[in-house]
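Asks: sequence-free structure coming up:
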């Protein structure tokens, strides 16, 4: 009997040696005359255990990790002879870090072969679309609205309302656009789902298409994600061959097709109107709103533009019903959120759970504190435009409103952990510098403000008229916050002001020699 | 694994442009295709793209210069990109970037005088749970430390 092994092909696993481990397994197996079959899956999201090797047994999959090439011979011996191994983690599904999660969107990620439409269908794929086809547009809109799903890209706008607006718009053509320009540092959920379960994104977008009456969709993927581009393109071809894209989807009267477009290294193109400009072949300059993309979007036509995770949540909602999704969560934040634990963290990875878990639980309990073992000092939540939170705010629950009430944002769900060696002046300066590099240049507060921000923070770092310059930075942040056209200039003040507010001691004037000597 | 590019050739350039010109919003698609073939977007290609898409030369030049990815001259034989975003900063990326700069004798965004290595910053490879990370000619490397970085630099310099 041949051994069936699972090794991730996710970029995060490949970056730490998954390809080498897979190759070594094949070579070692050939040498020993052991029959093996390696399925390259997505990642389970436990990155500190990657490369993770799983083996299929009658009792379910058993995991081993992190596996290096050097471990392969002994691992294969243990697998072939069913003997213990030091890297054995037990049944994958029983690993507490996975077991504690509520995986609705990521249920299949790391389990199935992302290149196989059959595997996707065998694990419940396309059940949502089948139900959607039987429901029709109005009923789908009711389901999506009732699920309480809010845009997972960061803005948290109700998806049902967005879709309804496009469905009601009259036009000769409408578009579905998937924002896969996941530029926030500390986030990788879009990448993981595109690489690990690409048909899910296709199913979600197809459902949007039949709901609003669009026949063409684009997935705009950042160029920094070549593995995701490859995975999505392969899945689109397979879906087309299987009759799930193109004319008469699944034998229905509906037609829908998809195309991948690749970005070119501009962070601002994650802003939806800038992304639309880029898709049209122009500079990624932000558009003033209104008109909203729902009325006047891609090529001037009504357009549903949603984040990868928003589309990826749709198949579950339709397959299991809105209530099954809305039963999770707290307040107005319904369902689950894939949280990404990153930076200086012991147990980094993807943790999907219902809204409501506190920041402290994520960082200390689930994440296990820092990788360096030093105390956690600051965590940035929500990417480069998100606030830095100190330990004192670790009781903040993951909920759109709770974070907003504390001058922060959930954004795309990334948590970047810093230990006590962090210099918050440097982080505040970087926030401004990043905005200056990535500003599209359309509005003055962002374009000029960010550069002045860098200069002023540098003065503070040098100890020049510190209190005066601190007041100036705060004033400048207010101008950017209220005067910028989009979230880039408008939210850059979050990391800066939060650093000033919660880590003021880093910005204090340098002590004189006399004080230091005391 | 040095990537070999074609030398610029107008006929070949026109062919590439023609392949994509009929797509809607084709500018970025064409610029990517040109760069993939030639390793950069030659100046001479800009008016050709403009003509094919019925745009002004200024419009195409504007698109070309807006995006960080597009090069106006070939990169070094190897391109080493270091992630410089927050998650990698939190995991010691600053020191590694300084180390790479010292080793190669160039600052981020530059090519060594012998044209062997281009060292570039990249803002997030999405490998934030195995930070710090880097990419050498399209190959991803996570859990970067000084030893791994030295190996990458040595490989790039070969």
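Replies: Good, I have the coordinates. Just so it is clear, the model here is predicted, and its values are computed rather than measured.
Asks: Would you state the helices of the stretch 401-518 of chain A in chain order?
Replies: A:424-438, A:444-462, A:466-483, A:487-491, A:493-502, A:513-517 (DSSP state H, counting those that start in this stretch).
Asks: which regions of chain B sit below the pLDDT cut-off?
Replies: B:1-2 (pLDDT under 70).
Asks: Domain-wise, how is it divided?
Replies: Domain segmentation of chain B under automatic domain parsing yields B:10-66, B:78-157.
Asks: Figure out which of the ones you listed is closest to residue A:301.
Replies: domain B:10-66 (10.9 Å; C-beta to C-beta). No exception for glycine: its C-beta is placed from N, CA and C like everyone else's.
Asks: Let me know whether the closest one sits next to chain A.
Replies: Yes: counting by C-beta under 8 Å from any C-beta of the partner chain, chain A has neighbours in domain B:10-66: B:24-29, B:31-32, B:53, B:59, B:62-63, B:66.
Asks: Mind putting those residues into CSV with secondary structure and neighbour count?
Replies: Below are the residues of domain B:10-66 next to chain A laid out as CSV (DSSP: H, G, I helix; E, B strand; the rest coil; neighbours: other C-beta atoms under 10 Å in any protein chain shown):
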residue, secondary structure, neighbour count
B:24, coil, 13
B:25, coil, 18
B:26, coil, 19
B:27, helix, 25
B:28, helix, 28
B:29, helix, 18
B:31, helix, 24
B:32, helix, 20
B:53, helix, 20
B:59, helix, 18
B:62, helix, 15
B:63, helix, 24
B:66, helix, 22
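Asks: Spell out for me which residue occupies the centre of the chain.
Replies: By default, I'm working from chain A. residue A:189 (3.0 Å; C-alpha atoms, centre = their mean).
Asks: To clarify, I was referring to chain B.
Replies: residue B:69 (5.4 Å).
Asks: Spit out the contact partners of that one.
Replies: Taking C-beta atoms under 8 Å, 6 or more residues apart in numbering or on different chains, we find residue B:69 in contact with A:223, A:263, A:264, A:265, B:32, B:35.
Asks: what two of those residues are the furthest from one another?
Replies: Once C-beta to C-beta is applied, the contacts of residue B:69 give A:263 and B:35 as the farthest pair, at 13.4 Å.
Asks: Show me which of those two is the more surrounded one.
Replies: residue A:263 (27 against 21; other C-beta atoms under 10 Å in any protein chain shown).
Asks: still on that earlier bit, out of the domains of chain B, which one sits most buried?
Replies: domain B:78-157 (a mean of 21; mean count of other C-beta atoms under 10 Å in any protein chain shown).
Asks: Let me have the helices of the stretch 401-518 of chain A in CSV, adding mean neighbour count and distance to residue B:12 as columns.
Replies: As requested, the helices of the stretch 401-518 of chain A are exported to CSV (neighbours: other C-beta atoms under 10 Å in any protein chain shown; distance: least, C-beta to C-beta, whole Å):
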stretch, mean neighbour count, distance to residue B:12
helix A:424-438, 22, 33
helix A:444-462, 20, 38
helix A:466-483, 16, 46
helix A:487-491, 23, 38
helix A:493-502, 24, 46
helix A:513-517, 8, 66
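Asks: Please identify which of these is closest to chain B.
Replies: helix A:424-438 (7.1 Å; C-beta to the nearest C-beta).
Asks: what does the closest one contact?
Replies: A:266-268, A:378, A:380, A:384-385, A:388, A:418, A:446, A:449-451, A:453-454, A:457-458, A:460-461, A:473, A:488-489, A:492, A:495-496, A:499-500, A:503, A:506-507, B:85-86, B:89, B:123.
Asks: Stretch B:33-46 now?
Replies: B:3, B:5-8, B:10, B:12-13, B:16-17, B:19-20, B:31, B:49, B:57, B:60-61, B:64, B:69-75.
Asks: mind redoing it with 6 Å?
Replies: With contacts defined as C-beta atoms under 6 Å, 6 or more residues apart in numbering or on different chains, stretch B:33-46 is touched by B:5-6, B:8, B:13, B:16, B:20, B:31, B:60-61, B:64, B:70-71, B:73-74.
Asks: same for the longest strand anywhere in chain A, what does it pack against?
Replies: Ranked by residue count, the top strand of chain A under DSSP state E comes out as strand A:336-343. When contacts are defined as 3 or more C-beta pairs under 6 Å, 6 or more residues apart in numbering or on different chains; DSSP states H and E, strand A:336-343 packs onto strand A:349-354, strand A:414-419, helix B:86-90.
Asks: winner for burial among those?
Replies: helix B:86-90 (a mean of 31).
Asks: chain center to the helix or strand following that helix: distance?
Replies: Downstream of helix B:86-90, the next assigned helix or strand under DSSP states H and E is helix B:93-104. Mean C-alpha position of helix B:93-104 versus that of the full chain (C-alpha atoms, centre = their mean, to the nearest Å) differs by 19 Å.
Asks: go on, stretch B:137-155?
Replies: The answer for stretch B:137-155 is 17 Å, by C-alpha atoms, centre = their mean.
Asks: Is it in proximity to chain A?
Replies: Yes: interface with chain A: stretch B:137-155 contributes B:140, B:141, B:142, B:143 (C-beta under 6 Å from any C-beta of the partner chain).
Asks: Using TSV, please lay out the residues you listed together with distance to residue A:97 and secondary structure.
Replies: As requested, the residues of stretch B:137-155 next to chain A are exported to TSV (distance: C-beta to C-beta, whole Å; DSSP: H, G, I helix; E, B strand; the rest coil):
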residue	distance to residue A:97	secondary structure
B:140	23	strand
B:141	25	strand
B:142	19	coil
B:143	19	coil
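Asks: Relative to residue A:401, which of the residues you listed is nearest.
Replies: Out of those, the member with the shortest distance to residue A:401 (by C-beta to C-beta) is residue B:142, at 35.0 Å.
Asks: Residues of the stretch 1-150 of chain A that sit close to chain B?
Replies: A:11, A:12, A:14, A:15, A:16, A:47.
Asks: Out of these, who's the most crowded?
Replies: residue A:47 (32 neighbours).
Asks: ok, it to residue B:5 distance?
Replies: Applying C-beta to C-beta, to the nearest Å, the value for residue A:47 to residue B:5 is 34 Å.
Asks: quick one, strands of the stretch 201-350 of chain A?
Replies: A:216-221, A:257-262, A:303-307, A:329-330, A:333-334, A:336-343, A:349-354 (DSSP state E, counting those that start in this stretch).
Asks: ugh, wrong one, chain B
Replies: Using DSSP E, strands in chain B cover B:78-83, B:110-111, B:117-122, B:134-136, B:139-141.
Asks: neighbouring contacts of the second one?
Replies: Read it as strand B:110-111. By C-beta under 6 Å, 6+ apart, strand B:110-111 touches B:76, B:118.
Asks: Check stretch A:172-180 too.
Replies: Contacts of stretch A:172-180 (C-beta under 6 Å, 6+ apart): A:153, A:190, A:205, A:208-209, A:212-214, A:216-221, A:275, A:298, A:301-305, A:307-308, A:311.
Asks: one more time with 7 Å, if that's ok
Replies: With contact meaning C-beta atoms under 7 Å, 6 or more residues apart in numbering or on different chains, stretch A:172-180 is reached by A:153, A:166, A:190, A:194, A:201, A:205, A:208-209, A:212-214, A:216-222, A:228, A:270, A:272, A:275-276, A:279, A:297-298, A:301-308, A:311.
Asks: Buried residues of it, list them for me.
Replies: A:174, A:175, A:176, A:177, A:178, A:179, A:180 (16 or more other C-beta atoms under 10 Å in any protein chain shown).
Asks: In strands, which of the residues of the stretch 1-150 of chain A next to chain B appear?
Replies: Going by DSSP E, the strands hold none of the residues of the stretch 1-150 of chain A next to chain B.
Asks: Quick one: the residues you listed as JSON lines, columns for distance to residue A:251 too.
Replies: Output for the residues of the stretch 1-150 of chain A next to chain B, formatted as JSON lines (distance: C-beta to C-beta, whole Å):
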{"residue": "A:11", "distance to residue A:251": "36"}
{"residue": "A:12", "distance to residue A:251": "38"}
{"residue": "A:14", "distance to residue A:251": "38"}
{"residue": "A:15", "distance to residue A:251": "41"}
{"residue": "A:16", "distance to residue A:251": "43"}
{"residue": "A:47", "distance to residue A:251": "41"}
